[in-house]
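In: sequence first, then the predicted structure, then my questions.
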Amino acid sequence: MNIIFIGAQGSGKGTQAEILAQRLRLRHIASGDLFREAISKGTPLGVQARAYINRGELVPDEITIAMILERITQDDCQMGTILDGFPRTIAQAVALDKALAEYGRAIDRVIYLKVSRDTLLQRLSSRFICRAHQHVYNLMSNPPKRAGICDIDGSELYQREDDRGEAVQKRLDIFFNETIHLLDYYGQQGKVVEVDGERPINEVSASILQALSGGLPTT
């Protein structure tokens, strides 16, 4: 099974994608992590991506999709994958569908975590991430056991610059004005599962699993 998580910054999609990946034995692939890993390892695609990033430009879709395809065709992804952070536009979704079809694969479900803008802003002001492996914590709903320290790897927790001030508003504007249209694209394919993301983490996880086990989208 191949799944896409769609949700604004602060919706909890990374947390829910990781939980679902463990439950269904799927590989969780976050596009941001994929870029960082490819660049740090100096892979051919990573070198190409770094050139654009260093110039302050967006990495072209063909490089991003090639990087994702390279990853999801590896042996540990044979059971399926969960994409988190990609695609972000309809053009990327169309290109991804076309590329997957060449491998005899397709996106099976798209999970949309619906969260209001006010709640997102409230969550983001309390979100912290560990420096070692990007584990996410929220001081309101999922605090670390020790203040400022990651429960999993013991590294320092920090707040990203784009989780603060005007940067947050810009990212939310992009989601609600652009990325949200992916729901129309995948909705026409009958693949969208809409879940109320404002509830506690365990309740959201249960709703996602219930929707997937039922075999039919909820919207």
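Out: All right, it came through fine.

In: any idea how far the residue located most distally from the centre of the chain is from residue 131?
Out: Here the chain reaches farthest from its C-alpha mean at residue 146, the gap being 26.3 Å by CA atoms, centre = their mean. Separation of residue 146 from residue 131 (CB to CB, to the nearest Å): 15 Å. C-beta: built from backbone N, CA, C; applies to glycine.

In: now residue 183
Out: Between residue 183 and residue 131 the distance is 33 Å, computed by CB to CB.

In: more neighbours: which of the two?
Out: residue 183 (17 against 12; other CB atoms under 10 Å).

In: wait, is that one part of a helix?
Out: Yes - applying DSSP: H, G, I helix; E, B strand; the rest coil, one finds residue 183 inside a helix.

In: mind listing what the residue positioned nearest the centre of the chain touches?
Out: Centroid-nearest residue in the chain, with CA atoms, centre = their mean: residue 84, separated by 2.1 Å. Neighbouring residues of residue 84 by CB atoms under 8 Å, 6 or more residues apart in numbering: 5, 13, 14, 17, 28, 29, 30, 31.

In: count of residues packed around the last one?
Out: Which is residue 31. Count around residue 31 with other CB under 10 Å applied: 18.

In: and the strands in this structure, which stretches?
Out: When assigned using DSSP state E, the strands of the chain occupy the ranges 2-6, 27-30, 81-84, 109-114, 127-130, 136-138, 157-158, 192-196.
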